[in-house]
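missing the sequence, but the structure's below:
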Ligand code: ATP
Ligand code: MG
């Protein structure tokens, strides 16, 4: 070596269930790539999640966010367990990380992969990205409940859209659209939600206009239908927190399997670490069996490499797992018989062969 190798510090949170099985697969592939692409990764393992909660009453240590702050990126497996309520895992780990590190973009690429059948009848290949606003919008803490259990009971929940928040997500999406098809779809509902959504429309239109992409404003209901009927007509979608949440799962389901979908929580300014994770959860029904599909975690690791400034290694990793899938190697969720370990070994082999 020349002594000038690029070095990346990555905090790894394998978490629970199959998170602890797919994350080591990703680490193995990244280490393999590091050797051939001339960078090193310092992995700092964090044993946080539901076991930590059972032992200490919290998902991560009190100073967990401070520990993560010095990382270049965070690689997460999955957190969750049947005996721990969803809001504990969400508010105890995922949401604090997203907010503390201003990961205002949630990026979900969705693509047809070789060997995976879509539930749709159409064979048209899907290749799209959902850009979801990740820190404001409908998921706010503003609101309350009045007259609990009494006559006239009601609840109010306010959505919060700031100009800064909408501008920055629109700018990220427009930049991405410019590098892809030049087309951007904005999900809206300004015919029914008459304050926040017209504001969203206005700001997105300003940003898209300045960046020169072709903007199409589509009502969320029509967009949901279009994703099912003509997903090949969609490239980049920008959406608010709630709409993006729903569209991400819808689009992911169309591509065929939850086990292969990745997600990135990005601070595009790179002031703070960004977080990369497979979309799937801890999958308690198959945890410990060694049969989890590692593709979602591998793809998330590829997105991480891209973000860390290693786009060539990222592209190599994606083409390696695509090559393995095309060759017919598949885990049980895809109708195959390969174990997590066997699939990962095939990917490492494909990396060696330059696939
Ligand atoms: P959580 O509450 O942690 O989100 P969940 O059960 O709601 O867990 P998933 O963990 O995503 O959701 O699992 C949904 C289904 O998909 C389960 O039957 C699971 O076995 C299957 N599944 C999810 N991820 C994978 C994977 N990587 N490989 C194989 N099967 C998977
Ligand atoms: Mg779930």
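Okay, I see it. Model, not experiment: these values are computed from the prediction. Ligands and ions are numbered 1, 2, ... in the order given.

and residue 132, how far is that from ligand 1?
Distance from residue 132 to ligand 1, counting by CB to the nearest ligand atom, to the nearest Å: 17 Å. In short, each C-beta sits where N, CA and C put it, glycine included.

which residues does that residue bridge with?
residue 106, residue 239 (DSSP bridges).

for residue 231, see how far away the residue in the stretch 251-355 of the chain that ligand 1 sits nearest to is.
Closest approach of the stretch 251-355 of the chain to ligand 1 (CB to the nearest ligand atom) occurs at residue 281, with a separation of 2.1 Å. Residue 281 sits 24 Å away from residue 231, going by CB to CB, to the nearest Å.

SS state for the residue of the stretch 251-355 of the chain closest to ligand 1?
coil (DSSP: H, G, I helix; E, B strand; the rest coil).

I'd assumed residue 49 was in contact with it.
No - the pair residue 281 / residue 49 is not scored as a contact, 11.6 Å apart, by CB atoms under 8 Å.

rewinding a little: higher neighbour count, residue 281 and residue 231?
residue 231 (22 against 19; other CB atoms under 10 Å).

give me the phi and psi for the closest residue to the more buried one other than its chain neighbours.
Using CB to CB, 6 or more residues apart in numbering and skipping the chain neighbours, the partner closest in space to residue 231 is residue 126 (4.7 Å). For residue 126, the backbone dihedrals (degrees, to the nearest 10) come out as phi -100, psi 130.

could you give the bridge partners of residue 75?
Assigned bridge partners for residue 75, using DSSP bridges, are residue 12, residue 276.

around it, how many other residues sit close by?
For residue 75, using other CB under 10 Å, the count is 24.

in contact with it, which residues?
10-13, 23, 26-27, 275-277, 300-301, 304 (CB atoms under 8 Å, 6 or more residues apart in numbering).

among those, which one has the most neighbours?
residue 301 (31 neighbours).

ok, back up a step: give me the pLDDT for the residue nearest to residue 231.
Residue 126 is assigned 93 on the pLDDT scale.

what of residue 4?
68.

again with residue 115
Value listed for residue 115 in the pLDDT field: 87.

next one: residue 109
pLDDT, residue 109: 96.

tell me the contacts of the residue of the stretch 251-355 of the chain closest to ligand 1?
17, 78, 80.

the second one: how many residues sit nearby?
When you say that, I think you mean residue 78. Neighbours of residue 78 using other CB under 10 Å come to 29.

got phi/psi on the nearest residue to it once chain neighbours are set aside?
Nearest residue to residue 78, sequence neighbours excluded (CB to CB, 6+ apart): residue 19, at 3.7 Å. Backbone torsions of residue 19, given as degrees, to the nearest 10, read phi -50, psi -40.

measure residue 311 to residue 171 for me?
21 Å.

what residues are up against the closest residue to ligand 1 within the stretch 1-150 of the chain?
Closest contact between the stretch 1-150 of the chain and ligand 1, by CB to the nearest ligand atom, is at residue 80 (3.0 Å). Residue 80 sits next to 15-17, 50, 86, 89, 281-282 when contact means CB under 8 Å, 6+ apart.
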